[in-house]
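K.L.:
coords please:
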Amino acid sequence: MSGIVSPGVYYDMPSDEYFADPCPEPSLTQSLAKVLIAHSPLHARQEHPRLKVEVDDEADDEAEKYIKAKAIGNAAHKIMLGRGKEVAIVDAPDFKSKAAKDAGDDAAAAGHVIILRKHHLIAQRMVLSGAMQLDAIEGAERAFKRDAGDGEVVIACKYRGVWLRQMLDWPTKDLREVWDYKTTGLSASPYETGKLMSSAGWNVQAAMTDIILGELDPEGAGRRRYFFVPHEQYSPFALSVCEVGEAALTIGRKKIEYAIDRWIECMSSRKWPAYPLRIIRPELPEWDVNRWLAREVQEWDEREAAQPKSKILTNLAGG
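P.N.:
Model prediction:
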């Protein structure tokens, strides 16, 4: 029987069950919506655990690689939220020795995420530093506090005839604040977070949450706040607290509604188109055009400045 039989808030759902899609019908998530928007319905179907077409000869080399940033991110997430993938610490400098490889294989076979001890120490230092910074930020008093909220809470509803689901990093118990923890190898500077929000689609994620919680808790409409906490994985482990504003949330909701429209079309027709079957004429981004024009002006000015004064006077005299 499906793990989600009715719309609601589900606590303590195993992540494997959630990612397998436990809804009565194939459901749409914010991550699938992003794939559908950025790529195509066919790409979204291939990402869906219940709709994708299995390809036997697909190489899965990435699953066998140990990626430091990913390992630290998983461990920091587990420590900060108190929930997440089980982490298995391998006490070795790397995975070159047979003992380390065997320990990693055993942990992976048990469904755990492996991490070298030296990298787990980094994750611990990250979270300790992050907690201290959050404590000093006004308005972040309930962020990731065990008495104020819960980690990895699943929400699901039926909206416009479509099942929607989402796993929230840290909603407060009253569902009025939703906190999302994002470890990053990039800058978490306040001057860069606008780019992060755009590239990672924080507003799309917040909009999906807003729609589902709006169905489950209509009394909270307009009273909920959505926070993202990008946290640098490198010393000094700085973080920022970012709230999704109303304008960004509105754009996110437009994108989610677009994705739902396409999802409904594809589910009913059972047709999942890829890219348009026509010749396209791409337009250059405005920044690329402006950059080239600025270069032309700069190089012209430099050439003019480099000319001998006698030649400039000759040019002015018409000689």
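K.L.:
Nearest the middle, which residue of this protein would you pick?
P.N.:
residue 200 (4.8 Å; CA atoms, centre = their mean).
K.L.:
Do I have it right that it meets residue 182?
P.N.:
Yes. Shown here, residue 200 and residue 182 form a contact pair, counting by CB atoms under 8 Å, at 7.3 Å. All C-beta atoms are positioned from the backbone trio N, CA, C, and that covers glycine.
K.L.:
what's the span of stretch 47-55, first residue to last?
P.N.:
The straight-line separation of the ends of stretch 47-55 (CA to CA, to the nearest Å) is 13 Å.
K.L.:
average pLDDT for it?
P.N.:
What stretch 47-55 shows for mean pLDDT is 91.
K.L.:
what's the answer for stretch 68-85, then?
P.N.:
89.
K.L.:
Check stretch 294-302 too.
P.N.:
Rounded mean pLDDT across stretch 294-302 is 92.
K.L.:
ok, residue 16 to residue 79 distance?
P.N.:
In this view, residue 16 and residue 79 are 20 Å apart by CB to CB, to the nearest Å.
K.L.:
let me fix that: residue 196
P.N.:
Counting by CB to CB, the separation of residue 196 from residue 79 is 22 Å.
K.L.:
Also residue 55?
P.N.:
36 Å.
K.L.:
Those two: which has the busier surroundings?
P.N.:
Higher neighbour count among residue 55 and residue 79: residue 79, with 19 against 8, using other CB atoms under 10 Å.
K.L.:
burial of the nearest residue to residue 52 once chain neighbours are set aside, as a residue count?
P.N.:
Using CB to CB, 6 or more residues apart in numbering and skipping residues adjacent in sequence, the residue nearest residue 52 is residue 46, 4.8 Å away. By the other CB under 10 Å criterion, the neighbourhood of residue 46 contains 17 residues.
K.L.:
ok, now which ones touch the closest residue to residue 30 other than its chain neighbours?
P.N.:
Ranked by CB to CB, 6+ apart and with sequence neighbours excluded, the top spatial neighbour of residue 30 is residue 208, at 3.9 Å. Each residue near residue 208 by CB atoms under 8 Å, 6 or more residues apart in numbering is listed here: 29, 30, 33, 164, 166, 252, 256.
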